[in-house]
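S.K.: Below are the sequence and a predicted model for it; my questions follow.
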Amino acid sequence: MDSGIVLIVIGLSAISGLVLMVALRAARQRREALRALAEGNGWSYREERATAGRGRRIVLAGPTDRWRLTLYRGPSSSSGGSVQWTDFVAPDAGIPDGLALLGPPIPEKTAQLATTMLAGFGGQVIGKIFSGIDNDIGADISRLAFVPGVSPEDGTLFATSDATDALTPILGHAAFADARRGRNERRQPIVMRGAFGLKIRIRKELATPEEIEALVGFGETLRAALRH
């Protein structure tokens, strides 16, 4: 092999190793920062592998487990890329039946079209519009219908017929303006309420303690409003 090619290969290997080392160090520092954040706030902290070792989760939980926050990153089974999200869940802020979902603002015609297609395609339609919605919210997702009359500042509301008022207590809440302002689509919160409780999904793995604290504060605010 030509000596010049050998040097190039060695150089590329060294660069790749350096990049990997930097990435691993950054990941370790991030975990340490989140662990310190949890300890400072009296939260629990744990790391776990997702199902079949695909991906990993960091789970924070508040006092008496009144809420939990999960950060996930793993491989995509369809695109070959990665999937990442952050969930805040408050199990005690749910409803007995039905499902309501408040996502980022989308055109009303798009929302109405989604409603007409739900009967044939179920949750796939909502999943395409609000990509990142998982299946653990149950079969109710196929019964969702667009609910008109919600301010674009709050977002776009879908609900089953028995849960059209499930998120009414938080519509118009000042916290939404702060949660949506200046954030791109993947950082826009998707708020759900069902038998599982209150769930807030961010379609990105949040990276900093400041982002985590902001989401916990937002979630606690909505939880209190729904339980009032």
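M.R.: Arrived safely. None of these values were measured; they are calculated from a predicted model.
S.K.: Number of residues surrounding the closest residue to Pro169 other than its chain neighbours?
M.R.: Distances taken as CB to CB, 6 or more residues apart in numbering put Ala225 closest to Pro169, at 5.0 Å, once the chain neighbours are dropped. Glycine gets a C-beta too; all of them are placed from N, C-alpha and C. A count of neighbours around Ala225, defined by other CB atoms under 10 Å, yields 16.
S.K.: domain ranges for this protein?
M.R.: 1-41, 44-227 (automatic domain parsing).
S.K.: Comparing those by mean pLDDT, which bottoms out?
M.R.: Sorting the domains of the chain by mean pLDDT places domain 1-41 lowest, at a mean of 68.
S.K.: Now do the strands in the protein.
M.R.: In the chain, the strands defined using DSSP state E lie at 44-49, 56-61, 68-75, 82-90, 100-103, 145-147, 156-159, 190-194, 197-202.
S.K.: now, of the domains of the chain, which is deepest in the fold?
M.R.: domain 44-227 (a mean of 17; mean count of other CB atoms under 10 Å).
S.K.: Can you give me the end-to-end span of that domain?
M.R.: 23 Å (CA to CA, to the nearest Å).
S.K.: and the residue nearest to Pro169, how far is that from Met192?
M.R.: 15 Å (CB to CB, to the nearest Å).
S.K.: what residues are up against the nearest residue to Arg49 once chain neighbours are set aside?
M.R.: Nearest non-adjacent residue to Arg49, counting by CB to CB, 6+ apart: Arg56, 5.7 Å away. The neighbours of Arg56, taking CB atoms under 8 Å, 6 or more residues apart in numbering as the test, are 47-50, 72-74.
S.K.: Gly98 reaches Phe196, doesn't it?
M.R.: No. At 11.6 Å, Gly98 and Phe196 do not qualify as touching, with contact defined as CB atoms under 8 Å.
S.K.: coming back round to it: the strands of the chain: which one's closest to Thr115?
M.R.: Across these, Thr115 has its closest neighbour in strand 145-147 (4.5 Å, CB to CB).
S.K.: What strands flank that closest one, and is each parallel or antiparallel?
M.R.: Within its sheet, strand 145-147 is paired with strand 156-159 (antiparallel), according to DSSP bridges.
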